[in-house]
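Asker: My questions are about this predicted structure, shown below with the sequence.
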Amino acid sequence: MDVLVTGGAGFIGSHLVKQLIRADDVSTVTVLDAITYAGHIENLSEELHSSRLTFVKGTILDKDLVDYYVQRNTVIVHLAAESHVDRSFYAASTFVMTNVLGTQILLNAAQRFGTERFVHVSTDEVYGPLSSGVATEGDPLRPTVPYAASKAASDLIALSYHQTFGVPVCVTRSSNNYGPCQHAEKIIPLFVTNLLRGEQVTLHGQGEHIRNWLHVEDNCRALELVLRKGVSGEIYNIGGGTDLTNKALTGRLLAECGADWGSVRYVPDRRSNDIRYAMDWSKIRALGFEPQRTLEDGLAETVDWYRRHPDRWPPVHRNPEAPKAELAVTTLAGA
Ligand code: NAD
């Protein structure tokens, strides 16, 4: 199998590439990544030495480039996206361009060149907030923020390409991933790096928002399973992580980083912050998925990775007049 991984220099994509390159039946892996602010080529520093990996710096919005690489691969795992909720509050058009139009450009190429499997990687956030119960794959989509709305739109376009043109699409919707190599704007690396610097972290509201935390390697195992065994036209929720309020998560990170609650500052909630996501994941379990990583072990590994990689810490904004956009990025609550 020759696999095209879009967004393969990002957080989840790079873990998936590490996994795929070890698989006996994978002949080549081609990464197509624009290396936006969120892409880190160094996430693939070891893999770049492999003759089985081709790295292409380019955007999924470039139709000719996409055609060229889709034609030369048998399957696609599509992860390239704008992925940060807070940024979507002030740069929504970029989210629509990349997440919606970029996905459609890829699907169009997949249709024309007979791609054998198209795994479209999405998120639990498309279901919107649930005060109780769990979302199943057939539930209506009720996204509340531009990021989740752009992902929901891309899910529907992907499924329409299956329905209309027979493109063998599978959609995955996972809960929040954590682990090494994540861009430092997201809550776990942001909190960890602030705490390791001896600085405060900001918790929105009362820290009552609930997220399900899944180790990135578990998500990648599920993605590979869907790549191999998924049924075309189907959606797979990928859950099975640990449900935590942001406050409980903060408590664990304080303990891991040797800090206490004096390092936590409460701030008013952001303009839109879904209270809880929760999914039923029995369908992916029936396909053979079972998470293998524990939160204790995974968080310890993650904190250790950031301790050893100060090059991946976010810049410090000591100037209170720092651009608003940057401040929005450094004071966040959700992933
Ligand atoms: P990320 O932001 O770390 O990585 C995204 C990658 O896409 C980056 O390397 C970036 O350079 C690349 N990219 C952005 N725009 C591009 C473009 N126009 N063309 C080519 N490449 C482009 O994101 P992530 O956390 O690794 O998420 C990957 C996918 O998984 C996304 O689709 C996201 O919506 C989804 N997802 C993420 C999570 C999570 O917790 N991180 C949970 C569920 C779903």
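Answerer: Received the coordinates, thanks.
Asker: drop to CA atoms for contacts and neighbour counts, all remaining ones
Answerer: Will do.
Asker: what packs against the lengthiest helix in the chain?
Answerer: Secondary structure of the chain read by DSSP state H shows that its longest helix is helix 146-165. Contacts defined by 3 or more C-alpha pairs under 8 Å, 6 or more residues apart in numbering; DSSP states H and E place helix 146-165 against helix 85-88, helix 92-95, helix 103-113, strand 117-123, strand 169-174.
Asker: What score does the residue lying closest to residue 154 once chain neighbours are set aside have for pLDDT?
Answerer: Once flanking residues are discounted, residue 154 sits nearest to residue 100: 4.8 Å by C-alpha to C-alpha, 6 or more residues apart in numbering. Residue 100 carries a pLDDT value of 98.
Asker: Same question for residue 315.
Answerer: So, for residue 315, pLDDT stands at 85.
Asker: swap in the one 4 residues further on?
Answerer: According to the model's per-residue confidence, residue 319 sits at a pLDDT of 49.
Asker: do the same with the one 5 residues further on
Answerer: What the model reports as pLDDT for residue 324 is 41.
Asker: Tell me the residues on this protein that lie near the ligand, please.
Answerer: Contact residues, the chain versus the ligand (C-alpha under 6 Å from any ligand atom): 6-13, 32-36, 38-39, 58-61, 79-83, 98, 121-123, 174-177, 182-183.
Asker: Strands along the protein, start to end?
Answerer: With strands called from DSSP state E, the chain shows them at 2-6, 28-33, 53-57, 75-78, 117-123, 169-174, 176-178, 201-204, 210-215, 235-238, 242-245, 264-267.
Asker: Using a markdown table, please lay out the ones you listed together with mean pLDDT and mean neighbour count.
Answerer: Converted to a markdown table, those look like this (pLDDT from 0 to 100; neighbours: other C-alpha atoms under 10 Å):
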| stretch | mean pLDDT | mean neighbour count |
| --- | --- | --- |
| strand 2-6 | 99 | 24 |
| strand 28-33 | 98 | 24 |
| strand 53-57 | 98 | 17 |
| strand 75-78 | 98 | 25 |
| strand 117-123 | 98 | 24 |
| strand 169-174 | 98 | 26 |
| strand 176-178 | 98 | 23 |
| strand 201-204 | 94 | 22 |
| strand 210-215 | 97 | 23 |
| strand 235-238 | 98 | 26 |
| strand 242-245 | 97 | 18 |
| strand 264-267 | 94 | 14 |
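Asker: Can you check which of those strands gets nearest to residue 303?
Answerer: Minimum separation from residue 303 across the strands of the chain (C-alpha to C-alpha) falls at strand 176-178, 10.7 Å.
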